[in-house]
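**Q** Based on what follows, work out the 3D shape:
(one chain, ligands or ions: 2)
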Amino acid sequence: MPADEPPRLPHLRPGEVRVAPSILSADFGALGVEIAGVTPATDWLHVDVMDGHFVPNLTIGPPVVASLRRHTQLWLDCHLMMTNPGDLLEAFSRSGADSASVHVELGQTEELCAEMRRLGLGVGLVVNPETPITAAWPFLELIDLLLVMSVHPGFGGQAFMPQAVGKVAAARREIDRRGLPVTLQVDGGIDATTAVVMAEAGARCFVAGSAVFHRPDHLGAVRAIEAAAMSAIAAPEGRGP
Ligand code: DX5
Ligand code: ZN
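**A** Numbers count the residues shown, from 1 in each chain. Ligands and ions are numbered 1, 2, ... in the order given. Model (predicted):
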């Protein structure tokens, strides 16, 4: 996408939700097959990038994103758990990432958002469990995606932290109050049960790793999470994306 055209996240209309399967829990030896398996149920794919420094785990980088790009048209939503994401934003963009999300805890958020925008990436901002949601408020006008973590980042398969629910509700209110086109995403311990709670609080994009790829029926798991979240949205009119 040319850098002078603003990127558009896969459009979420009021009352719609999306599941973003997280490949962290997929079989890394068969990623193409794993991704093809969930593709009929979504247009997002969550890619967890860990640098062994910001979080105590190491995963993948731009070369793997480039390989994924050759195998899928899904929106590659790259969650950068990195101390220095600015060093690799251009490489991720060149590799075919569609959006990148950086952690607000790092600081330099305005500069990082501007660089993502310049590169034509969708602009995401992530808030960790111990960080107040208000830390994101100064940047809401700059971003396309706000990700509220419901586990400590670094590993799949952790227990959902209920403290995140109030943060999602506060973020929903603030996004709607300002009338912003910001997609509210949640990540960590999301399954068909916790997706209901988070959807009621106002989340619309649900990252799910182990609840998808550690179940025998990956596609059915994506559809079940989506259906659960949809069932929780009682009054779609007027709700934000
Ligand atoms: C955790 C990652 C998540 C992870 C979620 O650091 O950011 O995206 O894949 O895994 P589950 O869904 O198993 O909690
Ligand atoms: Zn993630």
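
**Q** Burial check on the closest residue to ligand 2 within the chain, number of neighbours?
**A** Nearest residue of the chain to ligand 2: residue 79, at 3.7 Å (CB to the ion). Using the backbone N, CA and C atoms, a C-beta is placed for each residue, glycine as well. Neighbour count for residue 79, taken as other CB atoms under 10 Å: 28.

**Q** now residue 172
**A** Counted with other CB under 10 Å, residues neighbouring residue 172 total 21.

**Q** Which strands and helices lie in contact with the helix or strand containing it?
**A** Take DSSP states H and E as the rule and residue 172 turns out to sit in helix 163-178. Judged by 3 or more CB pairs under 8 Å, 6 or more residues apart in numbering; DSSP states H and E, the packing partners of helix 163-178 are strand 145-149, strand 183-187, helix 194-201.

**Q** Tell me which of the ones you listed lies nearest to residue 223.
**A** Checking those against residue 223 by CB to CB gives helix 194-201 as the closest, at 11.8 Å.

**Q** After that closest one, which helix or strand is next?
**A** strand 205-208.

**Q** just the strands in the chain please.
**A** In the chain, the segments counted as strands under DSSP state E are 18-21, 44-50, 75-81, 99-103, 122-127, 145-149, 183-187, 205-208.

**Q** Is any residue of the second one near ligand 2?
**A** Spelled out, that is strand 44-50. Yes: contact of strand 44-50 with ligand 2 (CB under 5 Å from the ion) involves residue 48.

**Q** Can you tell me which residues in this protein are near ligand 1?
**A** Within the chain, the positions near ligand 1 by CB under 6 Å from any ligand atom are 22, 24-25, 46, 48, 79, 151, 153-158, 187-190, 207-211.

**Q** I'd like to know which of these are buried.
**A** For those, a burial check counting by 16 or more other CB atoms under 10 Å picks out 22, 24-25, 46, 48, 79, 151, 153-156, 187-190, 207-211.

**Q** No more questions from me, cheers.
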